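> The following block contains a protein sequence and its predicted model.
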Amino acid sequence: MTKWVYTFGNGKAEGGASDRDLLGGKGANLAEMASLGLPVPPGMTIVADACSWFYQNGHTLPESLAGQVLEALAAIEADTGRKFAGSERPLLLSVRSGARVSMPGMMDTVLNLGLNDETVQALGHDAGDARFAWDSYRRFIQMYADVVMGLDHEFFEDILEEEKGRLGLEHDTDITAVEWQSIVTRYKTLIEDELGEPFPQDPVEQLWGAVAAVFKSWMNPRAVTYRHLHDIPEAWGTAVNIQSMVFGNLGNASATGVAFTRNPSTGEKMLYGEFLVNAQGEDVVAGIRTPQSITEAGRIASGMDKPSLEKLMPEAFAELNAIATRLEEHYCDMQDLEFTIERGKLWMLQTRSGKRTAKAGMKIAVDMVDEGVIDLDEAIMRVEPSSLDQLLHPTVDPRANAPVIGSGLPASPGAATGEIVFSAEEAVAAQNEGRKVILVRVETSPEDIHGMHVAEGILTTRGGMTSHAAVVARGMGIPCVTGAGTMRVDMRNEVLLGLGVVLKRGDVITIDGSSGHVMKGAVPTLQPELSGDFGRIMGWADSVRRMTVRTNADTPTDAHSARSFGAEGIGLCRTEHMFFEGDRIHAMREMILAETVEGRQASLDKLLPMQRSDFTELFTIMHGMPVTIRLLDPPLHEFLPKNDEEVAEVAAAMGMDAITMRERIDALHEFNPMLGHRGCRLAISHPEIVEMQARAIFEAAVAAAKETGAPVVPEIMVPLVGLRAELDYVKERIDTIARAVMTESGTELSYLVGTMIELPRAALRAHEIAEAAEFFSYGTNDLTQTTFGISRDDAAAFLNTYQRKGVIDHDPFISIDLDGVGELMKLASERGRKTRPDMKLGICGEHGGDPVSIHFCETIGLDYVSCSPFRVPIARLAAAQAAIRVKRGEG
Ligand code: PEP
Ligand code: MG
């Protein structure tokens, strides 16, 4: 019989940390903590496979599940000495989701389950606190009605507000047991009136309702969006954790909180966290009340006056501190803990590897190597390559001296500037219009996720470092300031009030997620300096990786910044990009539009000196490192004059009238420019273009070698080759020019001629093409376009829909389609190397900076990856991780 249910508690558990796929992250770690003998409220986990079963069987549950759950429930009753639905010492349950990876706040939770008109009395009696019991009952009704029965919680809020008004009370805490009791009666009537069915009084019925609701929440829109953003497969499903309730809201000796074993923003080795006295767990994350610091040091650092847990409840604090140390040692990683203190007794509700900023991630990895906890390989594996984006974010220039109009907590690092918007919808609309925005909210919730994703930065006026906004922004690498208590959002008038200013929607502000400051207007920023822990990790990464990392650079600026990020050569110089600026585009347009060979030659004569000086500069900057220059590959439409003014200008320069010029432009019009007259096709139609470029490259190589003293071996790359004969034709022209330049300059030149593999035919005929090509570079942008037959310019319109509908799980233009495009690359590499065993292989499509694609490149034995300058550090780290994974036999 399938085992659907695993129990834990009282020093033992049926599963453990390695059962994450089965029990979900939360369930696996609860089981592990229980086995370690830590104080975990007893409970059970229904495995994630039951969620898949639920969806495959028309939202029903497997028959054998019921018996297993009831059996586990009996064990919880025995452990706690309480009885589910009991008229004395009633057992209450929490029912929570828990997927394989954490999806914070995305799915549903039901707390205080098991309360009804009878057990509420028993709970009040047992706790000696009727008010607490009725408050718990009304919370349960509200949560259950919302999550399970689908009745919006606002209906209940309205009743509560009305009652408070009637009673003349301001705070919920002022409401007495008797008053809560009559509010509960109104809640139950509301449910009957709105839904035509009563609130279920049978705790077993409540339990099954909650389990089904958690499974259903796996498919709610925000969970679906979150999975898409984080590449989490739908097939995983969520487990359900059913656990006996413990109460952080049983008076002033009770509390609930979250803690990190090291500071998640800076990485500093020190217990760090927040708690609320007399509160339930969700209150901390929701950011409804401003929490207090756990440690005295943290309290002093943040300038809070409310006491720390260390001072307020020293015994519980000492136990928490010891457990934190134990868990970090056990998992060899920084942990994120949730706990509740019920009348002085500490209970652990969760542990998991804590999310951290890139900076903290680096520091923790480096410190743990120094502490002897992990080895170098493990330290390299610990840093998420894409998180380096955060370190590369600009910071506010302190010399700007911009007046601070408000400040809050430095929740996610980096500076961001944008126009104020007050809702996620406005943020999305603004982004569609190409405007940059800062999402300003009192606090955020998972409903805001789409707006947070497109914002440059996020500012909230409430909530701590562990509030929703802070956690989500850190995960997304978006600068964020939370709890800016000196500012106020006035939603009625739609303004943000800061120190001496009133700002409206559309006004520009700058936030600094590293200092927590908010400034008016666009404040100048500084580029980050990469050193210290970053330098050590990158140094270790460089020592273990096999592939080299080059950059795609078309300008001296690109080349300089790529070198500062550690690029080891240029893998792609798109020469057509050298003509986008200034007067150069005129010469380029004249060349394209010329009607005769002489006319074209005249414009090429203008282009030659520009190209020669460009290449000389690139070779000089790269100082002997390999530089791959690709021959002209312009999709013509990007260069043709478009408006009347541009047409008139080019016509005048070429001595043509505007009408003839328009006719010429029309003649060059292509239906599918991306599949048209570009790449080597252009070189074959107009060999004089290749000849000019080859001359510029060789003359520049001679000049740069003289200047730097380092030999230059240019790698000339022919684009869009499908036939070996195409390459032969172009190579012949290049070789002829090389001989001419050697004779003219009296210098011996070394150079390589290779090709891009960016058409399926080229991949299939790689063995033949390798007879002429001295290297291959995979142009995976075009290879993806042509393998799928999806235009790279038009894909966005429908690939999003494909992802939403689950037709594809990621965009193949971002991360290589391993099954199709990957297969072609593998085959081409094998065939190419059969002909030319020492052939150099690389990749220069956008995928060259994508960690998953880089891992694939390692497995098929490429020599290098090439990516945009800012992605070079990411690629260095990803290449090291790929090498380690292969070494460990993990793929
Ligand atoms: C490619 O096709 O992957 C490539 C690098 O060339 P481009 O993007 O310039 O077509
Ligand atoms: Mg291409």
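On my side now, so go ahead. Quick caveat, the model's predicted, so the values are computed rather than measured. Residues are numbered from 1 along each chain as shown. Ligands and ions are numbered 1, 2, ... in the order given.

> Could you list the contact residues of this structure toward ligand 2?
E758, G779, D782 (Cβ under 5 Å from the ion). No exception for glycine: its C-beta is placed from N, CA and C like everyone else's.

> Contact partners for the first one?
What that stands for is E758. Going by Cβ atoms under 8 Å, 6 or more residues apart in numbering, E758 touches P719, L720, Y778, G779, T780, N781, D782, L783, T786, G845.

> Is it correct that the fourth one is in contact with H847?
Right, the one you point to is G779. No. At 10.0 Å, G779 does not count as touching H847 under the criterion of Cβ atoms under 8 Å.

> What is the subsequent helix or strand relative to the longest helix seen in the chain?
Ranked by residue count, the top helix of the chain under DSSP state H comes out as helix 597-622. Note on helix 597-622: by DSSP states H and E, the next helix or strand toward the C-terminus is strand 627-630.

> List of residues touching that following strand?
Contacts for strand 627-630 (Cβ under 8 Å, 6+ apart): 550, 569-575, 615, 618-619, 693, 697, 712, 714-719, 754, 756, 775, 777, 842, 844, 866.

> Stretch 721-739 now?
Contacts of stretch 721-739 (Cβ under 8 Å, 6+ apart): 631, 679-681, 683-684, 687, 690-691, 694-695, 698, 716, 718, 749, 751, 753, 755-757, 759, 761-762, 765, 768-769, 771-773.

> Next, work out how far apart A212 and S102 are.
22 Å (Cβ to Cβ, to the nearest Å).

> So those two - more neighbours on which side?
More crowded of A212 and S102, by other Cβ atoms under 10 Å: S102, with 19 against 16.

> That one contacts Q350, doesn't it?
No. Using Cβ under 8 Å, S102 is not in contact with Q350, being 9.5 Å away.

> From the contacts of E758, which land in strands?
Among the contacts of E758, the residues falling in strands (DSSP state E) are Y778.

> out of the contacts of E758, who's nearest A883?
Among these, Y778 lies closest to A883 (Cβ to Cβ), at 19.0 Å.

> what sits against that closest one?
Y778 neighbours (Cβ under 8 Å, 6+ apart): M756, I757, E758, M825, A828, L841, G842, I843, C844, G845, L862.

> tell me the SS of R492?
State at R492, reduced to three classes by DSSP: H, G, I helix; E, B strand; the rest coil: coil.

> Check it and give its pLDDT.
We have a pLDDT of 84 for R492.

> ok, it - how many residues close by?
Around R492 there are 6 residues (other Cβ under 10 Å).

> Where does the record place the domain boundaries for the chain?
255-356, 394-526, 545-635+670-888 (automatic domain parsing).

> can I get these in CSV with distance to ligand 1?
Shown next, in CSV, are the domains of the chain (distance: least, Cβ to the nearest ligand atom, whole Å):
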stretch, distance to ligand 1
domain 255-356, 33
domain 394-526, 22
domain 545-635+670-888, 3
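
> Determine which of those domains shows the lowest mean per-residue pLDDT.
Across the domains of the chain, domain 394-526 gives the lowest mean pLDDT, at a mean of 87.

> Distance from it to the middle of the chain?
Taking Cα atoms, centre = their mean, to the nearest Å, the mean C-alpha location of domain 394-526 is offset from the chain mean by 19 Å.

> right, and A130 touches Y137 too?
No. The criterion here is Cβ under 8 Å, and A130 misses it with Y137 at 10.4 Å.

> More neighbours: which of those two?
Counted by other Cβ under 10 Å, A130 and Y137 do not tie: Y137 has more neighbours, with 24 against 18.

> Helix, strand or coil: sort out that one for me.
Applying three-state DSSP: Y137 is helix.

> Ok, the one 3 residues further on next?
Local secondary structure at F140 is given as helix here, using three-state DSSP.

> Going by residue numbers, what spans are helices in the stretch 301-450 of the chain?
Using DSSP state H, counting those that start in this stretch, the helices of the stretch 301-450 of the chain run over 309-312, 314-331, 358-370, 376-382, 388-391, 424-432, 449-454.

> Mean neighbour count and distance to T461 for those - can I get that in a markdown table?
Shown next, in a markdown table, are the helices of the stretch 301-450 of the chain (neighbours: other Cβ atoms under 10 Å; distance: least, Cβ to Cβ, whole Å):
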| stretch | mean neighbour count | distance to T461 |
| --- | --- | --- |
| helix 309-312 | 20 | 25 |
| helix 314-331 | 17 | 30 |
| helix 358-370 | 22 | 25 |
| helix 376-382 | 20 | 34 |
| helix 388-391 | 22 | 24 |
| helix 424-432 | 18 | 16 |
| helix 449-454 | 20 | 16 |
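
> Now distance to V807 too, for those, in TSV please.
As requested, the helices of the stretch 301-450 of the chain are arranged in TSV below (distance: least, Cβ to Cβ, whole Å):
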stretch	distance to V807
helix 309-312	50
helix 314-331	38
helix 358-370	33
helix 376-382	32
helix 388-391	28
helix 424-432	23
helix 449-454	20
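
> Can you tell me, leaving aside adjacent residues, what's nearest to S35?
Leaving aside its chain neighbours, S35 sits nearest to A13 (4.8 Å; criterion: Cβ to Cβ, 6 or more residues apart in numbering).

> Identify the bridge partners of that neighbour.
With DSSP bridges as the criterion, A13 is bridged to F8.

> measure I380 to ligand 2 for me?
Separation of I380 from ligand 2 (Cβ to the ion, to the nearest Å) stands at 32 Å.

> Ignore what I typed, I meant A883.
Taking Cβ to the ion as the measure, A883 falls 27 Å from ligand 2.

> How about the contacts made by that residue?
By Cβ under 8 Å, 6+ apart, A883 lies in contact with V544, R545, R546, M547, E858.

> Can you go through the residues you listed and name the buried ones?
Neighbour counting with 16 or more other Cβ atoms under 10 Å marks V544, R545, M547, E858 as buried within the contacts of A883.

> Next, format these as JSON lines and append secondary structure.
JSON lines is the format used below for the buried ones among the contacts of A883 (three-state DSSP):
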{"residue": "V544", "secondary structure": "helix"}
{"residue": "R545", "secondary structure": "coil"}
{"residue": "M547", "secondary structure": "coil"}
{"residue": "E858", "secondary structure": "helix"}
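
> Export the residues you listed as JSON lines, with columns for distance to F155.
Converted to JSON lines, these look like this (distance: Cβ to Cβ, whole Å):
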{"residue": "V544", "distance to F155": "59"}
{"residue": "R545", "distance to F155": "58"}
{"residue": "M547", "distance to F155": "59"}
{"residue": "E858", "distance to F155": "56"}
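
> re earlier: right, so of the helices of the stretch 301-450 of the chain, which gets closest to E494?
Among the helices of the stretch 301-450 of the chain, helix 424-432 comes nearest to E494, with 10.2 Å by Cβ to Cβ.
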